[in-house]
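**Q** fold the following.
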Amino acid sequence: MLHITQPAVSNSLARLRRHFNDQLFIRQSGHMVPTPLAENISGRIREALASLESSLTAHDNFDPTLSERRFRFSMNDTSESYLLPLLMERLQSAAPGILIESAILPREELTKAFAAGELDFALDVPLINTPQLKHQRLRQERFVCIARKDHPRIDRHFNLDQYLAESHISISSRRTGQSYVDIHLNRLGLERKVQLRVQQSRAAAPIIARSDLLLTIPNSLVDQTKFMIQELPFALPALDWHLYWAANYDNDKAHQWMREIIFDIFATLQPVSLF
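**A** This is a model prediction of the structure:
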């Protein structure tokens, strides 16, 4: 709600159009949509407004026991399994009015979502490089290869030739593009056969248990009593998970409080077996 009349809006828009020498908004399919220039300006205005809001609230007293603040996260299902059970356990007693929303946004949309004030935190690998965002490492994951315990061809002599000869499951929330594992295999001049690509980690466990497919995943996710676990027969760097937030909320009291809880959870986190 702008709380001004329609003529006042029209007059203001006309002045802006003359100033920028651009239509700013055009009609498409019965709707008004912003021009590229307007999109660019709006992003900067959102950042400025968010920075102003953060500055105004930076010194406010924040009482988590009374707050009804909503925090919006972008993270995948594995990160949700790590964080949300422990986070909600803490909020139940320390901040019962705090609201949490979790969804996954494409990596290329994160910066825009932060700038628009639509996102508070993102858990992701350190591939996002922009001065508008700050980040800190939460944990590091070492990868292993798992198979069903009675796999007919995998034994303690597991080697690279076996790894490449077998069919694999790849986990990715994206429709296209290589996984972390495949990117590094390609850098070594190697390629594996991905027979199945799934969106979520939890979908892979029953598939592994009922097939001869292999899965390369973080070691901390595996219940060692249920699957055969093999060290990878090639060098795969450990995967870092980082927490991202908008730089203009760095001094916001509520944000600082939530960040400290998240950092503490990951610092004391025990392995969570999803497989």
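**Q** show the contacting residues for Thr130.
**A** Counting by C-beta atoms under 8 Å, 6 or more residues apart in numbering, Thr130 touches Thr111. Placement of C-beta: from N, CA and C, glycine included.
**Q** can you get me the start-to-end distance on stretch 93-104?
**A** 27 Å (C-alpha to C-alpha, to the nearest Å).
**Q** ok, which stretches of the stretch 101-250 of the chain are helices?
**A** Counting by DSSP state H, counting those that start in this stretch, the stretch 101-250 of the chain has helices at residues 110-115, 160-165, 180-187, 204-209.
**Q** out of those, nearest to Ala247?
**A** helix 110-115 (8.9 Å; C-beta to C-beta).
**Q** show me what counts as buried in that closest one.
**A** 110-111, 113-115 (16 or more other C-beta atoms under 10 Å).
**Q** phi, psi of the closest residue to Leu37 other than its chain neighbours?
**A** Counting by C-beta to C-beta, 6 or more residues apart in numbering, Leu37 lies nearest to Asp22, which is 4.6 Å off, once chain neighbours are set aside. Note on Asp22: its backbone torsions stand at phi -150, psi 150 [degrees, to the nearest 10].
**Q** contact partners of stretch 163-174?
**A** By C-beta under 8 Å, 6+ apart, the residues outside stretch 163-174 that reach it are 76, 104, 106, 145, 153-154, 179, 181-182, 190-201, 204, 207-208, 212-217, 232-234.
**Q** so Ile207 sits right up against Gln200, yeah?
**A** No: contact criterion C-beta atoms under 8 Å: Ile207 and Gln200 do not qualify, at 11.4 Å.
**Q** ok, of the buried residues of helix 110-115, which one's closest to Val222?
**A** Distance to Val222 across the buried residues of helix 110-115 (C-beta to C-beta) is lowest for Leu110, with 28.8 Å.
**Q** and that closest one, how close does it get to Trp245?
**A** Remark: distance between Leu110 and Trp245 (C-beta to C-beta, to the nearest Å) = 11 Å.
**Q** before we move on, back to that, among the contacts of stretch 163-174, the buried ones, what's the ChimeraX command?
**A** This is the ChimeraX syntax for the buried subset of these, where burial follows 16+ other C-beta under 10 Å:
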select :76,104,145,154,179,181,182,192,194,200,201,204,208,213,214,215,216,217,232
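**Q** for the chain, where's the lowest mean pLDDT among helices and strands?
**A** When each helix and strand of the chain is scored by mean pLDDT, DSSP states H and E, helix 36-57 comes last, with a mean of 60.
**Q** which of the helices of the stretch 101-250 of the chain comes out lowest on mean pLDDT?
**A** Note on these: helix 110-115 shows the lowest mean pLDDT, a mean of 89.
**Q** and for this structure, the residue most distant from the center?
**A** Most distant residue from the mean C-alpha position of the chain: Pro7, 42.9 Å away (C-alpha atoms, centre = their mean).
**Q** what about it, distance to Arg17?
**A** Per C-beta to C-beta, Pro7 is found 15 Å from Arg17.
**Q** cool, and Arg156?
**A** Distance, Arg156 to Arg17, using C-beta to C-beta: 73 Å.
**Q** between these two, tell me which one has more neighbours.
**A** Arg17 (15 against 6; other C-beta atoms under 10 Å).
**Q** that's a helix at that one, yeah?
**A** Yes: judged by DSSP: H, G, I helix; E, B strand; the rest coil, Arg17 forms part of a helix.
**Q** what's the pLDDT at it?
**A** On the pLDDT scale, Arg17 gets 78.
**Q** surely it is in contact with Leu37?
**A** No: with contact defined as C-beta under 8 Å, Arg17 does not reach Leu37; the gap is 10.3 Å.
**Q** overlap in contacts of those two?
**A** Leu24.
**Q** just to revisit the earlier point, overlap in contacts, Leu110 and Trp245.
**A** Common neighbours of Leu110 and Trp245, counting by C-beta under 8 Å, 6+ apart, are 122, 133.
**Q** pLDDT below threshold where in the stretch 51-200 of the chain?
**A** 51-60 (pLDDT under 70).
**Q** now do the same contact list for Glu106.
**A** No Glu there; residue 106 is Pro. So Pro106 contacts Arg174 (C-beta under 8 Å, 6+ apart).
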